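In: Sequence first, predicted coordinates after that:
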Amino acid sequence: MKKLFSLYGLVLLIAFSINANAQVKNYTFTQSSGTYTPITGGTIVATATGASGAASLDDNIYNLAAATIPFTFTYDGVGYDGLNISTNGFITLGATAPLGNNYGPINNTATYSGAIAAFGGDLNSLFNILGNTGEIRYETVGSSPNREFVIQYSNFRPYSTSTSTTVFWRWNFQIRLHENNSINIVYDANFVGAPTATTRQVGLRGPSNAFATNVDNRLITTGTHTWSTSVEGTTNASTCGLSTTNIPVSGQTFTWAPPVVVTDDAGVSAAVIGSSPVQIISVGKGYNVVATVKNFGTTTQNAIPVYYTVNGGSPVGPVNTVGPIVQNGTENVTFNGGNAFTPVTPGVNTLKIYTLLGGDGQGTNDTLTVVVNVQQKIASYPHLQTFTNPLNWTIVIENLVGTTAIWGLGICVNPDGKVGDTAITANFFNATNLRRKSSEVRKWISRD
């Protein structure tokens, strides 16, 4: 049944953003054990008055107006002080309310700005079963700057109109919005008898259901995971299983903390060594290093010094960006000439390319590590390569999105007529003819 109850009016969106490109996937998740502390004050949103339909808090939506939350709660980079409560175990943020029959708040395509699901699915509440009756209430606890806005569901269950007193689920849970913008979901799940196992959605969704950038959800497969060992969801429809042998113990807490945005923060996000990502690198020749510098902070940056080291040696550089680089913007810098990468040692070479921004507030994203397999130059001719155990050779992928190597080991008939000889198989590629293998290459470079 679809019902829409307006408690105070529509939620109003506070129109400011601390990060225009915020994504819930960047939130940090932790799971812990704690104590479930029921709230008993605050405001009662709804109480069940019957065993079925809207009276049992079935498919109802309650809109809490702007300023209901006494502080600005920033979610996914946007500030809110109101929200929508669904009796189906989740809340949403933004002016667009969910439909009453939304039973998948995370994978649903609805246009609300965000969703936080504790037990997202088709729920309603108990009504006077062994003295248990469903209720939703909210209350602000604590003092500034450590207040929490708590939305509490009491005596809920998977949708049912049964009045049995011997078999039923009884779920209590809270969604707690902290003034520091973190989110706690705290559980107190109970049951009587042996109710049927079920699943529910748990986690966060942003302004769309795009996995995984706008989804940060959990997966619990009964028999594989418990509610204290949940894992990251694998799709936007991942669920958490509940059975009489696998439920969240009282006080089980899921916490999501938003990423910390600092004013000055830059780092190297990508790099290319040589003329392309798949160029073969050999000893003694100079190769340009093109590094992509990203501004992760809120302050527009200009001259950012960039360096690199090889195998832990002395820094090469700096080469400075020019700017301006706005938040989340990038700029490429090139190490060439005397600053080019000129390997002297064959085999694995490790380049660490990094920024050295003064006052950088987040050092963990400064450095990009690139591993290069350097080939030894052929010192004398003619050169015979058997490819039995070719020293310092590596298979290079033809293009970044493909899976076919430029070359690999194969079997052929050699020029002397020997069957089953080891040979190199080469692939050549162009947009017109696609991939073609060359049997001539096979013959001429097969071993004796």
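Out: Ah, there it is. In this text, all values refer to a predicted model and were calculated from it rather than measured experimentally.
In: all contacts plus neighbour counts: C-alpha atoms, from now on.
Out: Fine.
In: Where does the record place the domain boundaries for this structure?
Out: When the chain is parsed with automatic domain parsing, its domains come out as 3-257, 266-375, 381-448.
In: Low-confidence ranges, the stretch 1-150 of the chain, go.
Out: For the stretch 1-150 of the chain, applying pLDDT under 70 flags the ranges 1-22.
In: Pull the residues that contact stretch 133-150.
Out: The contact list for stretch 133-150 (Cα atoms under 8 Å, 6 or more residues apart in numbering) reads 39, 41-48, 56-57, 69-70, 125-127, 151-156, 174-180.
In: Endpoints of it, how far apart?
Out: Across stretch 133-150, the terminal residues are separated by 19 Å (Cα to Cα, to the nearest Å).
In: Please apply the same query to stretch 318-328.
Out: End-to-end distance for stretch 318-328: 22 Å, by Cα to Cα.
In: Take the domains of the chain and lay them out in JSON lines including mean neighbour count.
Out: Listed next are the domains of the chain as JSON lines, based on neighbours: other Cα atoms under 10 Å:
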{"stretch": "domain 3-257", "mean neighbour count": "20"}
{"stretch": "domain 266-375", "mean neighbour count": "18"}
{"stretch": "domain 381-448", "mean neighbour count": "14"}
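In: Can you give the distance of stretch 60-73 from its chain's centre?
Out: How far stretch 60-73 lies from its chain's middle: 27 Å, per Cα atoms, centre = their mean, to the nearest Å.
In: Helices along the stretch 301-448 of the chain, start to end?
Out: With DSSP state H, counting those that start in this stretch, the ranges of helices along the stretch 301-448 of the chain come out as 439-445.
In: residue ranges with poor pLDDT in it?
Out: Ranges of the stretch 301-448 of the chain meeting pLDDT under 70: 383-410, 412-418, 422-448.
In: Can you give the contact residues for stretch 36-46?
Out: Taking contacts as Cα under 8 Å, 6+ apart, the residues outside stretch 36-46 that touch it are 7, 57, 62, 135-140, 152, 186-188, 250-252.
In: can you check stretch 249-256 too?
Out: Contact partners of stretch 249-256, identified using Cα under 8 Å, 6+ apart, comprise 27-36, 182-189, 227-228.
In: can we see that at 6 Å?
Out: With contacts defined as Cα atoms under 6 Å, 6 or more residues apart in numbering, stretch 249-256 is touched by 27-36, 182-188.
In: Keep only those of those that are in strands.
Out: Among these, DSSP state E puts 28-33, 183-188 in strands.
In: Closest one to Asp366 out of these, please.
Out: Nearest to Asp366, judged by Cα to Cα, of these is Thr28 at 19.5 Å.
In: residue contacts, the closest one?
Out: Residues in contact with Thr28, defined by Cα under 6 Å, 6+ apart, are 256-257.
In: Cross the contacts of stretch 36-46 against strands and list the overlap.
Out: Filtering the contacts of stretch 36-46 for strands - DSSP E - leaves 62, 135-140, 152, 186-188, 252.
In: Return the member of these nearest to Leu99.
Out: Distances from Leu99 to the ones in strands among the contacts of stretch 36-46, taken by Cα to Cα, are shortest for Tyr62, at 10.8 Å.
In: Surely that closest one is in contact with Thr87?
Out: No. Counting by Cα atoms under 6 Å, Tyr62 does not reach Thr87; the two are 8.3 Å apart.
In: Secondary structure class of Ala55, three-state.
Out: Three-state call for Ala55 (DSSP: H, G, I helix; E, B strand; the rest coil): helix.
In: Hmm, Ala48 and it touching each other?
Out: Yes. Contact criterion Cα under 6 Å: Ala55 and Ala48 qualify, at 5.4 Å.
In: what about Thr161, distance to Phe191?
Out: Shown here: Thr161 relative to Phe191, a distance of 16 Å by Cα to Cα.
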